[in-house]
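In: Below are the sequence and a predicted model; questions follow.
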Number of protein chains: 2
Amino acid sequence: MPELRKDPVSGRWVIIATERARRPGNFIDPQHDAEPETEKCPFCDNKDRPIHVVKKPMGGWYVKVIENGNPIVQTETAFDRRGQGLYYVLNGHGVHEVIIETPDHTANMADLSAAQIERVFKTYVLRFNELEKDPHLQCVLAYKNYGQAAGSRRIAHARSQMLATSVNPIRVEEKLKSAKKYYDYHERCLYCDLIQQELAEKKRIVVENEQFLAITPFAPRFPFEIWVLPRKHHARFYKGVLGEERALAEILKEVLLRLKIGLDDPAYNYVIQTAPFARGERWDRWRTIEEDYHWHLEIMPRLTRAAGFEKGTGFYICAIPPEDAAAYLREVRVS
Amino acid sequence: MPELRKDPVSGRWVIIATERARRPGNFIDPQHDAEPETEKCPFCDNKDRPIHVVKKPMGGWYVKVIENGNPIVQTETAFDRRGQGLYYVLNGHGVHEVIIETPDHTANMADLSAAQIERVFKTYVLRFNELEKDPHLQCVLAYKNYGQAAGSRRIAHARSQMLATSVNPIRVEEKLKSAKKYYDYHERCLYCDLIQQELAEKKRIVVENEQFLAITPFAPRFPFEIWVLPRKHHARFYKGVLGEERALAEILKEVLLRLKIGLDDPAYNYVIQTAPFARGERWDRWRTIEEDYHWHLEIMPRLTRAAGFEKGTGFYICAIPPEDAAAYLREVRVS
């Protein structure tokens, strides 16, 4: 049974994935996770019982949601929390799904049509709404690992994942806290202010459309890190994006294409940062969250290996200024 | 000139290493950092002007401290902080040194004698005391990258690094805050309590001696993550370790040997977590730090690649329970 454990020293939740556990001796090969290219892609002609299907009008499907075959957390695990001396542990209750983004064996989301990417986002929205119904789920992460360096398996078929758990991961907490602190002082949304400043300074904007802008953040952790920010203030992705799914699909496709062409198809991750579900007793401290938080999408290309001391300190070194990265990506010819 | 920039969204400082910058086009090769094995090790017969040398009585040296040839921060950079709208930026004032741990071409600290490792720790202590004299330096990180997967260069010669900056990295801040919060509530040191619990439960202890214990933490980020904790309470490494350098060397050698033998010489990082220097105006909020913080050494073997979504969420999945990892390492035969 997977467990969620909270480190008392950092306040960080980690997942102890006992279901995935291997014998310690199996850890000696750092390439252990790399699997041989399989002959048949399990996503092209997927036979799993789907959780949700976006059907084509003439038969077949556009987008399919299935259970993750190797889930980090499980629905069957009851919600239960308990202390163990100074430690804190939760059963790994949660949901872990795979969103197959296309029936075709296309690897990179950059190569899907904007209409198809729009369907993917609409599918996320549906799943967010569904997952909200479980009162023990707090935080839903919609994310993508593209390429092996980004943690994906070798099978190259465009897909993303949704992971719903009963806790907030530490980076989500950090962001919520910073946004609240800013709002408490300024009585304005941090992200709305940030968007204003980026629009005025212009030098970190990669591309923009009427609804969104894509910027390289002022203090990135990784070279070519990109944030896609909605101009319209909303704390939550699955409510704020309504009616703007196409515009989001268009700007994301544009950004992913620029990365693909400009940086030779790098591995990347993205994650949608959105306010957690509002849940009774745990919710008081986020009283102003509707005003103070602002959903967005983060893209992290994996161009460099994280060197050593980042792991121990959280102190990242970014070897290219974000202003240069944005200028470079603006110049990439996408057509 | 390198810059320290603070991300307003997470509160995280990052280093924009403009001195190390490459043209964006050079980022297309993820193996770019791998360099060919050089014919001659620059550390064996080092000719750099040393910052400090621990001399052998009959000529030659035991340990040598030199400037990092590719520094992240620089002494020549004046200390200066300024706002840019809602952003915050500091000049990259700081010190970045390399500690050559042996004149012999030995790769892994595990293979040095305890007496030699003791000399390394005594050298760290000397450097901490020296670096404390610069009133603009706040935090000193003493750390090691062993093996290419841990961010080291290909040259295999045991060495560690010290990085002194005018800010606290986010993980140091997190730890300081958690410890303070615990102390404010319990009026006891979190780490002292944690040590008591670990000694009572025993199941996560890897090895111990009179002065230290080495445990796998309850909520690790990585398989086989290990913390070496001093039984004696002290907030600061370079003061608390005095007189116990040999005992620390012995337990660290023991742990590193068990990792080397049990896990086939994995890459690893370690970092000494210690309270920052006490500095006037910034110090008020850490009023109780002498009582609430407790220095320690973290070891992070690099057995698995960080998968995708850890980067975006800080949510780590550890595929082996720390109790199993500790049991496995206890069984490794080191002689």
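Out: On my side now, so go ahead.

In: Flag the shaky bits of the stretch 1-150 of chain A, pLDDT-wise.
Out: The stretch 1-150 of chain A contains residues with pLDDT under 70 at A:18-39.

In: cutoff 50 now
Out: A:28-34 (pLDDT under 50).

In: Which one of the residues in it is closest to chain B?
Out: Nearest residue of the stretch 1-150 of chain A to chain B, counting by CB to the nearest CB: residue A:145, 3.2 Å away. Placement of C-beta: from N, CA and C, glycine included.

In: for that residue, phi and psi?
Out: phi -110, psi 110 (degrees, to the nearest 10).

In: bridging residues for it?
Out: residue A:269 (DSSP bridges).

In: is it true that it touches residue A:269?
Out: Yes: if you go by CB atoms under 8 Å, residue A:145 and residue A:269 touch, sitting 5.6 Å apart.

In: nearest spatial neighbour of residue A:249, skipping sequence neighbours?
Out: residue A:117 (3.6 Å; CB to CB, 6 or more residues apart in numbering or on different chains).

In: Now do the same for the one you found: helix, strand or coil?
Out: helix (DSSP: H, G, I helix; E, B strand; the rest coil).

In: got it, and residue A:96?
Out: strand.

In: next one: residue A:90
Out: strand.

In: Identify the bridge partners of it.
Out: Beta-bridge partners of residue A:90, as defined by DSSP bridges: residue A:4, residue A:81.

In: can you tell me which residues contact it?
Out: Listed by CB atoms under 8 Å, 6 or more residues apart in numbering or on different chains, the contact set of residue A:90 reads A:3-6, A:79-82, A:166-167.

In: can you count the residues close to the residue nearest to residue A:249?
Out: Using other CB atoms under 10 Å in any protein chain shown, residue A:117 has 24 other residues around it.

In: re earlier: quick one: the residue of the stretch 1-150 of chain A closest to chain B from residue A:15, how far?
Out: According to CB to CB, to the nearest Å, residue A:145 stands 16 Å off from residue A:15.

In: Tell me the spatial nearest neighbour of the residue sitting furthest away from the middle of chain A, not counting adjacent residues.
Out: Within chain A, the residue lying farthest from the chain centre (CA atoms, centre = their mean) is residue A:85, at 33.4 Å. Among residues not flanking residue A:85 along the chain, residue B:197 sits closest, at 4.5 Å (CB to CB, 6+ apart).

In: That neighbour sits in which helix or strand?
Out: Assigned by DSSP states H and E, residue B:197 belongs to helix B:190-201.

In: So what's the gap between the helix or strand following that helix and the chain middle?
Out: Heading C-terminal from helix B:190-201, the first helix or strand you meet, by DSSP H and E, is strand B:205-208. Strand B:205-208 sits 20 Å away from the centroid of its parent chain (CA atoms, centre = their mean, to the nearest Å).

In: Sheet-wise, list the partners of the helix or strand just after strand B:205-208 with their directions.
Out: For strand B:205-208, the following helix or strand on the C-terminal side (DSSP H and E) is strand B:212-215. Looking at strand B:212-215 with DSSP bridges, its partner strands are strand B:205-208 (antiparallel), strand B:226-230 (antiparallel).

In: Can you say which of those strands is nearest to residue A:61?
Out: Across these, residue A:61 has its closest neighbour in strand B:226-230 (47.6 Å, CB to CB).

In: Can you give me the buried ones in the closest one?
Out: Across strand B:226-230, burial judged by 16 or more other CB atoms under 10 Å in any protein chain shown covers B:226-230.

In: for the record, mean pLDDT for it?
Out: Average pLDDT, strand B:226-230: 98.

In: can I have that strand written out in PDB, keeping just the CAs?
Out: What follows is strand B:226-230, C-alpha atoms only, in PDB (Å, rounded to 0.1, in the frame of the first residue of the first chain):
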ATOM      1  CA  ILE B 226      21.000   9.200   4.400                       C
ATOM      2  CA  TRP B 227      21.400  11.800   7.100                       C
ATOM      3  CA  VAL B 228      24.300  11.900   9.500                       C
ATOM      4  CA  LEU B 229      23.200  13.500  12.700                       C
ATOM      5  CA  PRO B 230      25.400  14.600  15.600                       C
END
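
In: any chance you could map the helices in the stretch 201-335 of chain A?
Out: Using DSSP state H, counting those that start in this stretch, the helices assigned to the stretch 201-335 of chain A run over residues A:237-240, A:245-262, A:289-292, A:308-313, A:322-331.

In: So which bits of the stretch 51-200 of chain A are right by chain B?
Out: A:72, A:84-87, A:141, A:143-145, A:149-152, A:161, A:163, A:165, A:169-172, A:174-175, A:177-179, A:182, A:190-191, A:193-194, A:197 (CB under 8 Å from any CB of the partner chain).
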